[in-house]
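Asks: Quick one, what's the 3D model for this:
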Amino acid sequence: MDDRTNSYIKNKILFASTTNFGMSMPFNHPHRQKTALKYGVSAFKAAETAINSALEKIGEKYFENFGVSSSEKNLMLILPLLNRGSSEMENKSLPNTLLCRIIFPKSVGSMLNLPNDLPYILSQNFNKDYIELEALIPKKYFEPKDFCLCELSGLGEEHLNPLIDDTLKASTTSLENKYLSLKLDENGKIYSFFFEKREFAAPDFLDSCIAFGKPKHIIQYRSEKDQIEVLHDGSNNFCASIKITSIFSMYKGLEVKAEKILKVYADIPQLFIEVKMIIPEIRGTVNSDSNVYSVNVKYDDRWQEIIPCEIRPRFIAGGGGEGKNYLRIWKHNFFGLTTNFDLDMIEVDRLNKDIDCLVANISDGWMAVSNQKQGLLVGFNSIKAANFAFSPLRIKHEGFGDLSQSGQQVRINPFGTYYGKMLHHWTMGSGFAQKMIPSYSSTFKSTAPTFSGKTVEFDLIIAPYVGDAPDSNLQAVANHYSIPPLVLFYDSHLKQVLHNFEHIQKSVKKIVDDYDIANLLNVDYLKWVEMVNEGIVSEEKRRDDINVKLAHYFRLFFDGIRSKF
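Replies: The predicted structure is shown next:
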């Protein structure tokens, strides 16, 4: 690959191929981390250059050719991203109703002159530097041209939905619309999530907690009582929302704060969640450079699990035995294909009936789990936070003991980390190597220490459904939630076209500043290698200085004898 070119796809491939040096866990090698971030930022800048060069042509095509003089009016154009690749499978259909959550600069105007039957709400952020629009746009407004053109002209805050929805409401004990009903107890804990006359929530649905401590003394820290605040009571006929705040103390009284904003909209059968978890910093003396000498990050190995918003479905499936089904995972991949696999690992090895952490659901935007009778789709806003395998799973063959029934049950931990016993392999011989190696290698450690002192933020969509797979409309909803529409604004005063992804530039600048990579962005790989090696003093290192326990020596000795017979 020619390093002199600087295309988006080249940088994206290089970013994805930048592996964790030496497989040291939980931390990446710092030089590898900088390399990956360099390629990620370079990919963004290449994409930014491409879209800026296209804005003028797009403006001419969509704004000036519709009988509207763009020199006199501020206009907004909503373009759902339907074609996401070269294959037919990567073409995305529109859902029946498209939820648009759009941030735009105040310079382009302050009020939308939308059709009277189109519900929306406008709000300003705390810094007053941009305006946020939320609109529910029926599919018909994008037909037949797959776009929606609107005029911006004044100032207003709300435009009431002309279709009155008496079921849309929020209180300190409930959040509901005509499809969904979510109930909270006197401690602010969610105990019910009802849809289509079925229960979807196990106790402590969407709870937040942190597991901390040595392996035999791990404590799960969580709040006993959460604070509930009503943000929108539903009287605007557009949305209803509540804020759940969990504050709890952990090791040495250090405070954890988790905030979740839960929102439902009129006539949409999905729940939307904004999650923020502020985690205290606990430093330690453990070094992650075990047998990887140049990785030298000190951390506290008592960090075990980070759980910002644990999804606990109520439905179960039978496990083991002919004729009994298993829970099924549905996932949408990066080639546009939706596939599934069953959680039937017990069929291969009965010792894998319970799995502490399964991260196999590489997903482009969403995944779903079902017992083939009812299911729960979980998706994320990839503009806010994204991950190839965004949600580890925990599986219990006979359930977690929080339901009256027993059977295979799963928990879902978006953008968090589970940790526990490794998978068993039926070809593992005596099994001693699997027990011994984690003691001497940093590859098998929890990634929870990397969250120390960090703030985790992400947005989710949670959609219950009846049946095995999510239907085509629900999949379309999740696809367009993951990658929202491109929105263009024509500013008649500045005579230029702006877009709704410009705020991402601030996030990219923060990455460049926080990780000190500004001087690397225009440096080719070979020059970067020279820069890395400049300060390294040549010194021979031997890898035979591992302190092996005496008991392990004896076990290895006897395993060697047994292998002779």
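Asks: CA only for contacts and neighbour counts going forward, please
Replies: Noted.
Asks: tell me the contacts of residue 277?
Replies: If a contact means Cα atoms under 8 Å, 6 or more residues apart in numbering, then residue 277 has 256, 257, 258, 259, 308, 455, 456, 457 as its contacts.
Asks: Look up how far residue 384 lies from it.
Replies: 14 Å (Cα to Cα, to the nearest Å).
Asks: still on that earlier bit, columns distance to residue 45 and secondary structure on top of the contacts of residue 277, output as JSON lines?
Replies: What follows is the contacts of residue 277, written out as JSON lines (distance: Cα to Cα, whole Å; DSSP: H, G, I helix; E, B strand; the rest coil):
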{"residue": "256", "distance to residue 45": "36", "secondary structure": "strand"}
{"residue": "257", "distance to residue 45": "34", "secondary structure": "strand"}
{"residue": "258", "distance to residue 45": "33", "secondary structure": "strand"}
{"residue": "259", "distance to residue 45": "32", "secondary structure": "strand"}
{"residue": "308", "distance to residue 45": "31", "secondary structure": "strand"}
{"residue": "455", "distance to residue 45": "25", "secondary structure": "strand"}
{"residue": "456", "distance to residue 45": "25", "secondary structure": "strand"}
{"residue": "457", "distance to residue 45": "23", "secondary structure": "strand"}
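Asks: hmm, which of those residues are the buried ones?
Replies: 256, 257, 258, 259, 308, 456, 457 (16 or more other Cα atoms under 10 Å).
Asks: Okay, and the beta partners of the first one?
Replies: It stands for residue 256. residue 248 (DSSP bridges).
Asks: Report how far apart the opening and closing residues of stretch 190-202 are.
Replies: In stretch 190-202, first residue to last residue: 9 Å (Cα to Cα).
Asks: closest to residue 203 among the buried ones among the contacts of residue 277?
Replies: The nearest member of the buried ones among the contacts of residue 277 to residue 203, counting by Cα to Cα, is residue 308 at 16.1 Å.
Asks: Excluding chain neighbours, what is closest to residue 476?
Replies: The shortest distance from residue 476 to any non-neighbouring residue, by Cα to Cα, 6 or more residues apart in numbering, is to residue 95 (5.1 Å).
Asks: Give me the distance between the one you found and residue 206.
Replies: 26 Å.
Asks: what does the model give the residue nearest to residue 476 for pLDDT?
Replies: Turning to residue 95, the model gives it a pLDDT of 94.
Asks: what is the mean pLDDT for the strand or helix carrying residue 49?
Replies: Assigned by DSSP states H and E, residue 49 belongs to helix 30-62. On average, the pLDDT along helix 30-62 is 77.
Asks: after that helix comes which helix or strand?
Replies: Assigned by DSSP H and E, the successor of helix 30-62 is strand 74-79.
Asks: distance between that next one and the chain's centre?
Replies: With Cα atoms, centre = their mean, to the nearest Å as the basis, strand 74-79 stands 28 Å off its chain's centre.
Asks: ok, then the element right after it?
Replies: Downstream of strand 74-79, the first helix or strand assigned by DSSP H and E is strand 97-105.
Asks: Tell me what angle that next one forms with strand 74-79.
Replies: Per axes from the mean of the first three to the mean of the last three Cα atoms, to 10 degrees, the angle that strand 97-105 makes with strand 74-79 is 140 degrees.
Asks: Tell me the strands beside strand 97-105, with direction?
Replies: strand 130-138 (antiparallel).
Asks: for the next helix or strand after the strand it pairs with, packing partners?
Replies: Once strand 130-138 ends, the next helix or strand along the chain (criterion: DSSP H and E) is strand 148-152. For strand 148-152, the packing partners by 3 or more Cα pairs under 8 Å, 6 or more residues apart in numbering; DSSP states H and E come out as strand 74-79, strand 112-113.
Asks: How far does strand 148-152 sit from its chain's centre?
Replies: Counting by Cα atoms, centre = their mean, strand 148-152 comes out at 31 Å from the chain centroid.
Asks: any idea of the angle that strand forms with strand 130-138?
Replies: Using the same axes, to 10 degrees: strand 148-152 against strand 130-138 is 140 degrees.
Asks: With just CA atoms, put strand 148-152 into PDB.
Replies: The C-alpha coordinates for strand 148-152 follow below in PDB (Å, rounded to 0.1, in the frame of the first residue of the first chain):
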ATOM      1  CA  CYS A 148     -36.700  15.800   2.800                       C
ATOM      2  CA  LEU A 149     -36.300  19.600   2.200                       C
ATOM      3  CA  CYS A 150     -37.400  22.200   4.800                       C
ATOM      4  CA  GLU A 151     -37.000  25.900   5.300                       C
ATOM      5  CA  LEU A 152     -35.500  27.600   8.400                       C
END
